[in-house]
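Student: Coordinates only, no sequence provided:
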């Protein structure tokens, strides 16, 4: 896919006076630090560089070294940059904060200056990081887990298109003098080390967006100008990040997004309000082969509720099933579409109506019921589409695993609200309630199996599997639609007497 080509330089930017503050802990990344310093010094601006570190280390004579930690926590070092920027707020035109392994170029700064003139006062042009693979392609390390493009955020300014990516951390930001002043005046900028939506180190780099009233917008129509190389390339072979082709599919979808699709409400609220967004929906789940094995191979039609990038759905389609995927949003749906999977999106009520005359041999719920405002309604409506004898498969995180139990016993605030929907965005769907819940919607022959991760397999063997219900990170529920209709209780009475969600 080809995005825009190049951009005109702004002559006035060559007279920009720039302050760059780089956080550099220890010596492990010093080779990248010196690469950054060389890059900034090569730019046609007046550039002053300050390195914040926990130790004394060699830096060029023209670079200022500030040694000291904001707190005893080693992850607090990134917060040291804020006081420096505040104290020098009237001496520079532009202010950059960066970790010591994230490379910005002159093109990055020129692009920021150009599009800043198009944005509103409460919007900041943002960047995304990538890593270089051995085959020359990119891998986007900021795109992982529950982080995703917000379809409702896509806006056109002049001839540029912008969108909000929910991961605001890119280990780097630029502020103009006016933006820095506004951040300071908000009261949310010059604050002590703390963690919020992100961990300690990431919070220091995202406070302008999360605490100071700004929104970070990425220019998707000229994206190559807003990409930063994460020099270590250390996440290339991990689950952090997605490959270039999958990323470009999503960008293309946004560039061609219809106004109607952009305004569709999501299937579920995908992000919880728990610490570090625990139990949020992973948009990039790998193919769940153990789950697929629970679905009879002869199954001709599958309804997948909660499809992200579509790896499991792609596997099922390759096995011969006709898959209809109810996706989290139209952007992530484009990934499943690229594999020939039929996709739908929108809020549950809309999908209930669209599928009211459809039937399926299998319904798969993939880590969505605990995030739904009304999980019982979602389960009931979609299971009604099962043919008699059809298979229902549910994958759900274990909200009552050992860590959560211990956290509650200790009174940890971040654990107490788990399962309280209004506080945390999670419903307390317990394993012991599933049999009642599924029986109500006409599912029988129910089997529930905890999924114990490899790191806990030894403990599982030592305890003969007796504690797998609290060792498992998630559980898989499999049932079959009754061959004959069952008498259902009154819904309100059933909710009150048996299942509290």
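Tutor: That came in fine, so what should we check first? No experiment lies behind these values; they were computed from the predicted model shown. Numbers count the residues shown, from 1 in each chain.
Student: Which strand runs longest in this protein?
Tutor: Longest strand in the chain, counting residues (DSSP state E): strand 386-397.
Student: Who are the packing partners of it?
Tutor: strand 360-366, strand 474-481 (3 or more C-beta pairs under 8 Å, 6 or more residues apart in numbering; DSSP states H and E). Bear in mind the C-beta positions are built from the backbone N, C-alpha and C, glycine included.
Student: Just the endpoints, please. Distance across stretch 81-93?
Tutor: For stretch 81-93, the first and last residues are 17 Å from each other (C-alpha to C-alpha, to the nearest Å).
Student: Buried residues, it. List them.
Tutor: When neighbours are counted by 16 or more other C-beta atoms under 10 Å, the buried residues of stretch 81-93 are found to be 81, 82, 84, 85, 89, 92, 93.
Student: same check, this time on stretch 36-54
Tutor: 36-37, 39-40, 43, 45, 47-54.
Student: from the buried residues of stretch 81-93, which single one is nearest residue 434?
Tutor: Distance to residue 434, by C-beta to C-beta, is smallest for residue 82 among the buried residues of stretch 81-93, at 47.8 Å.
Student: for the stretch 51-200 of the chain, which spans come out with low pLDDT?
Tutor: By pLDDT under 70, the stretch 51-200 of the chain has no low-scoring segment.
Student: what's next to stretch 373-385, contact-wise?
Tutor: Stretch 373-385 is contacted by residues 268-269, 303, 305, 348, 352, 355, 358-360, 363, 365, 368-369, 372, 392, 394, 421, 427, 429, 437-438, 440-443, 481, 495, 499, 501 when judged by C-beta atoms under 8 Å, 6 or more residues apart in numbering.
Student: picking up where we left off before, the buried residues of stretch 36-54: which two are farthest apart?
Tutor: So, the buried residues of stretch 36-54 by C-beta to C-beta: farthest apart are 45 and 54, at 28.6 Å.
Student: distance of the spatially closest residue to residue 358 that is not a sequence neighbour from residue 376?
Tutor: Spatial nearest neighbour of residue 358, chain neighbours left out: residue 385 (5.8 Å); criterion: C-beta to C-beta, 6 or more residues apart in numbering. From residue 385 over to residue 376 the distance is 16 Å, taken as C-beta to C-beta, to the nearest Å.
Student: try residue 417
Tutor: Distance from residue 417 to residue 376, by C-beta to C-beta: 21 Å.
Student: Kindly report the same for residue 115.
Tutor: From residue 115 to residue 376 the distance is 46 Å (C-beta to C-beta).
Student: what's the answer for residue 456, then?
Tutor: Distance from residue 456 to residue 376, counting by C-beta to C-beta: 30 Å.
Student: Can you spell out the domain ranges of this protein, please?
Tutor: 15-258, 276-497 (automatic domain parsing).
Student: Show me the one of these that comes nearest residue 264.
Tutor: Among those, domain 276-497 comes nearest to residue 264, with 4.6 Å by C-beta to C-beta.
Student: centre of the chain versus the closest one, how much separation?
Tutor: The chain centre lies 19 Å from the centre of domain 276-497; the measure is C-alpha atoms, centre = their mean, to the nearest Å.
Student: show me where pLDDT drops low in this protein?
Tutor: Scanning the chain for pLDDT under 70 picks out 1-15, 484-501.
Student: what residue is smack in the middle of it?
Tutor: Residue closest to the average C-alpha location in the chain (C-alpha atoms, centre = their mean): residue 147, at 1.5 Å.
Student: Pretty sure it sits in a helix.
Tutor: No - counting by DSSP: H, G, I helix; E, B strand; the rest coil, residue 147 is not part of a helix but coil.
Student: wait, what's in contact with it?
Tutor: Residue 147 touches 165, 166, 167, 283, counting by C-beta under 8 Å, 6+ apart.
Student: Just the buried ones out of those residues, please.
Tutor: Neighbour counting with 16+ other C-beta under 10 Å marks 165, 166, 167, 283 as buried within those.
Student: can you pull the buried residues of stretch 244-263?
Tutor: Buried positions in stretch 244-263, judged by neighbour count with 16+ other C-beta under 10 Å: 244, 246-254, 257, 261-262.
Student: mind checking the end-to-end distance for that stretch?
Tutor: Start-to-end span of stretch 244-263 (C-alpha to C-alpha) is 26 Å.
Student: outside of it, which residues touch it?
Tutor: Stretch 244-263 has contacts (C-beta under 8 Å, 6+ apart) with 1, 3, 137-140, 143, 149, 151-152, 154, 161, 163, 220-221, 223, 309, 330-335, 338, 345.
Student: Which ones among those residues map onto strands?
Tutor: Members of the contacts of stretch 244-263 lying in strands (criterion: DSSP E): 138, 139, 140, 161, 163, 345.
Student: burial count for the second one?
Tutor: Translated: residue 139. Burial of residue 139, expressed as a neighbour count using other C-beta atoms under 10 Å, amounts to 23.
Student: Then residue 444?
Tutor: If you count neighbours by other C-beta under 10 Å, residue 444 ends up with 13.
Student: Pull the contacting residues for it.
Tutor: The contact partners of residue 444, by C-beta under 8 Å, 6+ apart, come to 438, 479, 480, 482.
Student: Where does it fall, secondary structure wise?
Tutor: Applying DSSP states H and E as the criterion places residue 444 in strand 443-451.
Student: For that strand, enumerate its sheet partners and note whether each is parallel or antiparallel.
Tutor: According to DSSP bridges, strand 443-451 forms sheet pairs with strand 474-481 (antiparallel).
Student: And for stretch 181-195, what's in contact with it?
Tutor: Applying C-beta under 8 Å, 6+ apart, the set of residues contacting stretch 181-195 from outside is 70-71, 73, 75-76, 79, 82-83, 86, 89, 121, 175, 180, 200, 203-204, 207-208, 210-214, 275.
Student: where exactly do the helices run in the stretch 201-350 of the chain?
Tutor: Along the stretch 201-350 of the chain, counting by DSSP state H, counting those that start in this stretch, helices occupy 244-255, 259-262, 289-292, 311-318, 330-337, 348-354.
Student: all strands for the stretch 1-150 of the chain, in order.
Tutor: Per DSSP state E, counting those that start in this stretch, the stretch 1-150 of the chain carries strands over the ranges 17-23, 46-53, 63-67, 94-99, 102-103, 123-125, 128-132, 138-140.
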